[in-house]
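Novice: from the sequence below, what's the structure:
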Amino acid sequence: MKTKRFHARSMSEGLKKISAEFGDEAIILSNRKVGSGVEILAAVEHPAADRMYQYSEPDGAEIIRATNTDREPVDKEHLMGLLSSIGPLKKNPAAQAVTQLSGYQKKHAEYNQPKAQIQSKPQVHKPAKPQSSPRAMTTNKSAAATRSGAGESREISGMRSEIQDLRRLLEQQSQELRKIIPLRHGANESVDPVAEKLSQFGLSIDLVKMLLAEVPVSLGNEDRWKQALAIVSSRIETCQTELVRKGGIYAFNGLTGSGKTTSLAKLAARFVMEQGADQLLLVSMDQFRIGAQDTLKTLSKILQCDFISPDDTLTLEDVLQRYSRSKRLILIDTCGSREGTEYFLDSLAAGTMSSKVRNILVIPSTTTMDVIQDYMDRFSRYPFYASVLTKVDESCRLGPALSLVMEKQLPMAYWTDGQNIPEDIHVARGHHIVSRAITSWRKRYEQKPDAYSRNAEQHLMVN
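Specialist: Residues are numbered from 1 along each chain as shown. Okay, here's the model as predicted:
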């Protein structure tokens, strides 16, 4: 890894220098104010010369403001065609270029060529190294064997540690499941099939206990299962009015890779198709990853809406003060790292507009909920207004995520099940998401769904 300190008059100027020398794969390690400027410590794993290509560096201070005379009415069919060219947003920020403009399309086509065509460089023949003496070779082999043995020992030790962790996890789950049994069977050691099924579904122990306490014992297993799921669907709080139609200032927060930018892009496209681009503003607060703003910036060009990236000369407070009255919807994209979260929270605390910003928690259904809980603890100063459940199509168990939103009483605004913009985002409804959860769970844990699983899903869809 190569590290270097960069000095500049502003953060945006420093980012340009880093991008020019290290490329889009650079990582910001730290930054601090020095004298009349800033000092940024950046690192990159591979020199820029080793990469096949790189996109032009982003201009963090650029503000795209197209006047009404420059903008043409947005044609829905044309817009859908442009959005389809975006495709799935890559996890790597440097690969998140949206191929709408011809220049981007050309780079994308070159990138997709076989490596043999791209990397057709003349081979340089190096002179052969002098042969080592037999004694030196023996010493090298002995040292290599020692290192190999030490590596294998570490691998075996790591495997043993993982096995022990799995064993402890299984024992913990077994103990938690036994806590449920007395609610239905007293001293009887037989497992309640409904309790077991709810636990396999991914619901928390406390939630399973609550459901079993509310479902009458006299009912059969099928009716108890259906009634328990009906209670779950009714306990999932959802937003009364869709955010896109309601308007306001919404900041999308979540872990890196949770789907913040993709979800924001879907809602932005939906808003433009329904209400036009003049009332929309996109804001990127991701100042910690080189190239992280490229996707949002290019999306704003496609949608013909305004885009702003606050920096040292233009704060978030300045942006909100200037546009909160003229824009019906302002969508803010944030950075999921700890440093990025602190930067965003400090930006809110530094101004008077924090009360108007509604924080949206993006919950990837593929992530352990303990990790999400740890992230939520960072926002103790600012409660979450609503949530977006993402990657539903990639998860086989939605129970943990549903348990989290119910126990935290966090309303769910949307859920997503794909990368297509803007199709793969849906307004949250309790019975719809529970029905989808049953379908995903059955595919993974039940080759042939039993009668009361299938009937429960049909019951939820009808009601």
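Novice: tell me which strands whichever helix or strand residue 387 is part of pairs with, and in which orientation.
Specialist: If you go by DSSP states H and E, residue 387 is part of strand 384-390. Here strand 384-390 is paired, per DSSP bridges, with strand 357-364 (parallel), strand 412-416 (parallel).
Novice: want to try JSON lines for those strands, with mean pLDDT as columns?
Specialist: What follows is the strands paired with strand 384-390, written out as JSON lines (pLDDT from 0 to 100):
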{"stretch": "strand 357-364", "mean pLDDT": "91"}
{"stretch": "strand 412-416", "mean pLDDT": "92"}
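Novice: put together TSV for these, with distance to residue 240 on each row.
Specialist: In short, each C-beta sits where N, CA and C put it, glycine included. Converted to TSV, the strands paired with strand 384-390 look like this (distance: least, Cβ to Cβ, whole Å):
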stretch	distance to residue 240
strand 357-364	14
strand 412-416	10
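Novice: domain ranges for the chain?
Specialist: Domain ranges of the chain: 1-57, 159-218, 243-428, per automatic domain parsing.
Novice: out of these, deepest packed?
Specialist: When the domains of the chain are scored by mean count of other Cβ atoms under 10 Å, the highest mean neighbour count falls to domain 243-428 (a mean of 20).
Novice: picking that back up, between the strands paired with strand 384-390, which one is closest to residue 436.
Specialist: With Cβ to Cβ as the measure, strand 412-416 is the member of the strands paired with strand 384-390 nearest residue 436 (7.7 Å).
Novice: how about the CA coordinates for the closest one, as CSV?
Specialist: Extracted C-alpha coordinates of strand 412-416, given in CSV (Å, rounded to 0.1, in the frame of the first residue of the first chain):
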residue,chain,number,x,y,z
MET,A,412,-40.8,1.1,6.8
ALA,A,413,-41.2,3.3,3.8
TYR,A,414,-40.0,1.1,0.9
TRP,A,415,-38.4,-2.3,0.1
THR,A,416,-36.3,-3.2,-2.9
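Novice: which residues touch the nearest residue to residue 30 once chain neighbours are set aside?
Specialist: The shortest distance from residue 30 to any non-neighbouring residue, by Cβ to Cβ, 6 or more residues apart in numbering, is to residue 41 (4.7 Å). Counting by Cβ atoms under 8 Å, 6 or more residues apart in numbering, residue 41 makes contact with 3, 4, 5, 6, 28, 29, 30, 31.
Novice: tell me the SS of the third one?
Specialist: Translated: residue 5. The three-state assignment at residue 5 reads strand, by DSSP: H, G, I helix; E, B strand; the rest coil.
Novice: so who does it touch?
Specialist: 39, 40, 41, 42.
Novice: just the second one next, same as before
Specialist: If a contact means Cβ under 8 Å, 6+ apart, then residue 4 has 21, 22, 41, 42, 43 as its contacts.
Novice: just those residues: which are in strands?
Specialist: Here DSSP state E is the test, and these give 41, 42, 43 as lying in strands.
Novice: what would those residues look like in TSV with pLDDT and distance to residue 193?
Specialist: Formatted as TSV, those follow (pLDDT from 0 to 100; distance: Cβ to Cβ, whole Å):
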residue	pLDDT	distance to residue 193
41	81	58
42	82	57
43	80	54
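Novice: what is the nearest of those to residue 358?
Specialist: When the ones in strands among the contacts of residue 4 are compared against residue 358 (criterion: Cβ to Cβ), the nearest one is residue 42, at 33.1 Å.
Novice: let's have the contacts of residue 4 in CSV, adding distance to residue 259.
Specialist: Putting these into CSV (distance: Cβ to Cβ, whole Å) gives the following:
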residue, distance to residue 259
21, 31
22, 27
41, 29
42, 27
43, 26
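Novice: most widely separated two among those?
Specialist: 21 and 41 (13.3 Å).
Novice: pretty sure residue 343 contacts residue 336?
Specialist: No. The pair residue 343 / residue 336 is not scored as a contact, 11.5 Å apart, by Cβ atoms under 8 Å.
Novice: returning to what we had before: which element follows the strand holding residue 387 toward the C-terminus?
Specialist: With DSSP H and E, the next secondary element past strand 384-390 is helix 399-407.
Novice: and the angle from that next one to strand 412-416?
Specialist: Relative orientation of helix 399-407 versus strand 412-416 (axes from the mean of the first three to the mean of the last three Cα atoms, to 10 degrees): 160 degrees.
Novice: what's helix 399-407 in contact with?
Specialist: 198, 201-204, 206-207, 232, 235-237, 363, 365, 368-369, 372-373, 387, 389, 395, 410-412, 433-434, 437, 441.
Novice: looking at these, which are in strands?
Specialist: Reading strands off these with DSSP E, I get 363, 387, 389, 412.
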